[in-house]
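[1] Let's see this in three dimensions:
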Amino acid sequence: VQLVESGGGLVQPGGSLRLSCAASRSTLDFYTIAWFRQAPGKEREGVSCISSTGSEVANYADSVKGRFTISKDNAKNTVYLQMNSLKPEDTAVYLCAASAWRCGGRLTPSMIVSWGQGTQVTVSS
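    Numbering: from 1, shown residues only. Presented below is the predicted three-dimensional model:
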């Protein structure tokens with residue numbers, strides 16, 4: 001299971017970024033895909049997930065509700081995380097992950113079968 005993230009970078013507070021997670025069609029058809037993030041000195045935190053069918057999504061980090069949106073483009077074999085109204089506390093390495101668990105409950109790192117390499121998001125003026 002190979003996952004490749006892109007789209008991170010430096011953005012000012014209030015700005016937007018869209019992260020991409022590219023995978024094979026078979027991966028996206030079978031696994032729930034989730035986004036996690038990890039800030040320096042902090043534990044890895046689940047942010048959002050989307051089911052293999054795309055019919056079920058969850059944003060389970062309270063701090064991102066209303067600002068982050070996960071979506072899936074089957075034609076491009078890519079899952080996106082649209083991040084709006086970014087805050088300095090959103091600064092972290094963002095990782096794409098595959099899980100055999102349903103998206104609906106809160107996914108934890110122990111439920112992940114494969115991780116991407118991560119992409120750095122820095123929110124700073």
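[2] how much space between the spatially most central residue of the chain and residue 100?
    Most central in the chain under CA atoms, centre = their mean is residue 35, positioned 2.2 Å from the mean C-alpha point. Distance from residue 35 to residue 100, counting by CB to CB, to the nearest Å: 17 Å. Yep, even glycine has a C-beta here, placed from its N, CA and C like the rest.
[3] Likewise for residue 72?
    Distance from residue 72 to residue 100, by CB to CB: 17 Å.
[4] okay, the two: which has more neighbours?
    Neighbour totals were compared for residue 72 and residue 100, and residue 72 leads with 19 against 11 (other CB atoms under 10 Å).
[5] Walking through this structure, point out its strands one by one.
    Using DSSP state E, the strands of the chain run over 4-6, 9-11, 17-22, 32-38, 45-50, 57-59, 68-73, 78-83, 92-99, 112-115, 119-123.
[6] closest one to residue 105 among these?
    Nearest to residue 105 among those is strand 57-59; the distance by CB to CB comes to 7.9 Å.
[7] Surely residue 125 and residue 11 touch.
    No: counting by CB atoms under 8 Å, residue 125 sits too far from residue 11 to count as a contact (9.8 Å).
[8] I'd like the strands of the chain written out as JSON lines, with mean pLDDT added.
    Compiled in JSON lines, the strands of the chain are given as follows (pLDDT from 0 to 100):
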{"stretch": "strand 4-6", "mean pLDDT": "96"}
{"stretch": "strand 9-11", "mean pLDDT": "98"}
{"stretch": "strand 17-22", "mean pLDDT": "98"}
{"stretch": "strand 32-38", "mean pLDDT": "97"}
{"stretch": "strand 45-50", "mean pLDDT": "94"}
{"stretch": "strand 57-59", "mean pLDDT": "86"}
{"stretch": "strand 68-73", "mean pLDDT": "96"}
{"stretch": "strand 78-83", "mean pLDDT": "97"}
{"stretch": "strand 92-99", "mean pLDDT": "97"}
{"stretch": "strand 112-115", "mean pLDDT": "96"}
{"stretch": "strand 119-123", "mean pLDDT": "98"}
